[in-house]
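Visitor: attaching a predicted model along with its sequence, questions to come.
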Amino acid sequence: MINASSIYKTFNKLPVLKGISLNVRKGEIVAITGPSGAGKTTLLEILGTLSLADKKNNTKIELNGIDVTSFKKNDLAKFRNQNLGFIFQSHKLLPEFTSIENVCLPAWIAKNDNKESKNKAKKLLIKLGLKNRLNRYPSELSGGEQQRVAVARALINDPKIIFADEPSGNLDVENANELHDLFFKLRDLTKSTFIIVTHNENLANKSDRKIIIKDGKVYNE
Ligand code: ADP
Ligand code: MG
């Protein structure tokens with residue numbers, strides 16, 4: 001599902017990623033761990049096509065069987081919208097939109113039918129235990145609820161791969177565990193693939209595989 005090789009990234013002449021290759025199977029839940037500043041977010045953003053790797057001859061990023069390495073900006077944005085979902089540490093919900101509207105955003109960007117999208121958003125939110133929060137604004141939700149709305153938003157376009165960067169970093173233990181359980185349930189239900197950057201040891205140990213990034217490289221224990 002993910003087939004990436006020779007990923008390098010340099011910021012202001014400072015090498016941050018120093019040749020990372022990884023393969024992830026469909027339906028796998030992979031945790032990416034490692035010290036702060038190791039390059040985890042940088043790697044996730046490159047794999048998720050949110051930023052570009054340095055141009056090198058051997059660099060390749062294949063997602064869902066499609067080689068996106070030399071896609072241009074517009075094609076990447078379209079591919080991302082239709083194939084990938086993102087969950088961040090901070091929910092990044094739009095404050096002036098309700099739960100349903102926030103979840104609909106990626107579907108609106110895909111120009112999907114509005115009524116169908118709203119129905120789907122509603123179903124997703126109900127599935128995630130937010131039946132009584134459909135028309136609330138983010139400020140009227142708890143941290144755990146906000147993050148579940150963000151999960152629904154990540155799922156609305158049926159992504160093949162979900163990228164999460166410290167998704168439970170702002171949650172208390174109980175809400176964090178609930179969110180992690182949700183990832184495993186979703187994987188079983190939809191066979192989607194999860195790449196999760198996390199400091200949470202519980203989650204890292206529960207995942208199918210743990211990849212440690214140290215000093216810009218995959219670190220083998
Ligand atoms: P992690 O997520 O593992 O904590 P990051 O990928 O965020 O690490 O950052 C790795 C290194 O790259 C850090 O030294 C950080 O300062 C640097 N870095 C990340 N993004 C940028 C950027 N846009 N410009 C300059 N340096 C950056
Ligand atoms: Mg980070």
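Guide: Perfect, thanks for sending it. Ligands and ions are numbered 1, 2, ... in the order given.

Visitor: count the neighbours of the nearest residue to residue 25 once chain neighbours are set aside for me.
Guide: Among residues not flanking residue 25 along the chain, residue 1 sits closest, at 6.0 Å (C-beta to C-beta, 6 or more residues apart in numbering). No exception for glycine: its C-beta is placed from N, CA and C like everyone else's. Residues near residue 1, counting by other C-beta atoms under 10 Å, number 18.

Visitor: hmm, stretch 201-210 in reach of ligand 1?
Guide: No - remark: stretch 201-210 sits outside contact range of ligand 1, by C-beta under 6 Å from any ligand atom, the gap being at least 13.9 Å.

Visitor: hmm, who's touching that stretch?
Guide: 28-33, 168, 176-177, 180, 184, 194, 196, 198 (C-beta atoms under 8 Å, 6 or more residues apart in numbering).

Visitor: buried subset of those residues?
Guide: 28-33, 168, 176-177, 180, 194, 196, 198 (16 or more other C-beta atoms under 10 Å).

Visitor: reformat those as TSV; add distance to residue 111 and pLDDT.
Guide: Converted to TSV, the buried ones among the contacts of stretch 201-210 look like this (distance: C-beta to C-beta, whole Å; pLDDT from 0 to 100):
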residue	distance to residue 111	pLDDT
28	31	98
29	31	98
30	32	98
31	34	98
32	33	97
33	38	97
168	32	93
176	35	93
177	37	94
180	33	95
194	27	98
196	29	98
198	33	97
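
Visitor: list the contacts of residue 80.
Guide: Applying C-beta under 8 Å, 6+ apart, the residues near residue 80 are 48, 49, 50.

Visitor: mind listing what the last one touches?
Guide: The contact partners of residue 50, by C-beta under 8 Å, 6+ apart, come to 80, 86.

Visitor: if we use 10 Å, what do you get?
Guide: With contacts defined as C-beta atoms under 10 Å, 6 or more residues apart in numbering, residue 50 is in contact with 41, 44, 76, 77, 80, 84, 86, 163.
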